[in-house]
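Engineer: Sequence plus predicted model, see below.
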Amino acid sequence: MELPGLGQPCSASFCRRLDFLPLKCDACEEVFCKDHIAYDQHKCTSAYKKDVQVPVCPLCNTPIPVRRGEMPDVVVGAHMDRDCKYNPAQHKERIFTNKCLKSGCKRKEMMKLVCDQCHGNFCIKHRHPLDHDCKGGGRPISKAGYAAIMRASKSNVKFTGSSTVSNGLLQHNGCRQ
């Protein structure tokens, strides 16, 4: 004999499975099986009351406070219509900021293309040493070595002895590189 008083059917219209351990949705107060208890699985119309999130304005990237019971889309839309401080003329970001150092070239690139030998920034067309008449040494300098050379060339310290700078390389006391 069946036990007719046990269990409840799932409230999802497409499921209606008899569940002996039914779960009650805390937003809409209806009973669902374990497969349809999540708000999005049973398309809960009251989910916005419980599913608390802080929406962010897509224009000015500021968080928009939403009170319980309010629809976030409506509140963000109202912010965009009234309170949004986004001005597209002020926030125009430049993407192509890396100017080519080859004389006569006016191209700008999105990212830096640095030569391994002279450490200059060039466009795609002039990125190779043969394309920009590279004045660097015959071999690449390490980043640490390049930083040391740049510090030495920027400082006003006079080198004594046999220190020389040739081909962008600092040589001291006849050391060869």
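Structural biologist: Ah, there it is. Numbering: from 1, shown residues only.

Engineer: any weak-confidence spans in this protein?
Structural biologist: Scanning the chain for pLDDT under 70 picks out 1-4, 51-52, 88-93, 137-141, 155-177.

Engineer: distance of the spatially most central residue of the chain from Phe32?
Structural biologist: Centroid check for the chain by C-alpha atoms, centre = their mean gives Asn61 as the closest residue, at 13.5 Å. Asn61 is 37 Å from Phe32, where distance means C-beta to C-beta, to the nearest Å. (Glycine included, C-beta is placed from N, CA and C.)

Engineer: From Val76, how far off is the residue nearest to the centre of the chain?
Structural biologist: 12 Å.

Engineer: before we move on, what about Gln117?
Structural biologist: Distance from Gln117 to Val76, by C-beta to C-beta: 52 Å.

Engineer: Quick check: which element contains the closest residue to His119 other than its chain neighbours?
Structural biologist: Nearest non-adjacent residue to His119, counting by C-beta to C-beta, 6 or more residues apart in numbering: Tyr146, 5.3 Å away. Assigned by DSSP states H and E, Tyr146 belongs to helix 143-154.

Engineer: Mind giving me the packing neighbours of that helix?
Structural biologist: strand 164-166, strand 169-171 (3 or more C-beta pairs under 8 Å, 6 or more residues apart in numbering; DSSP states H and E).

Engineer: Bridging across strands, which residues link to Val56?
Structural biologist: Assessed by DSSP bridges, Val56 has beta-bridge partners Pro63.
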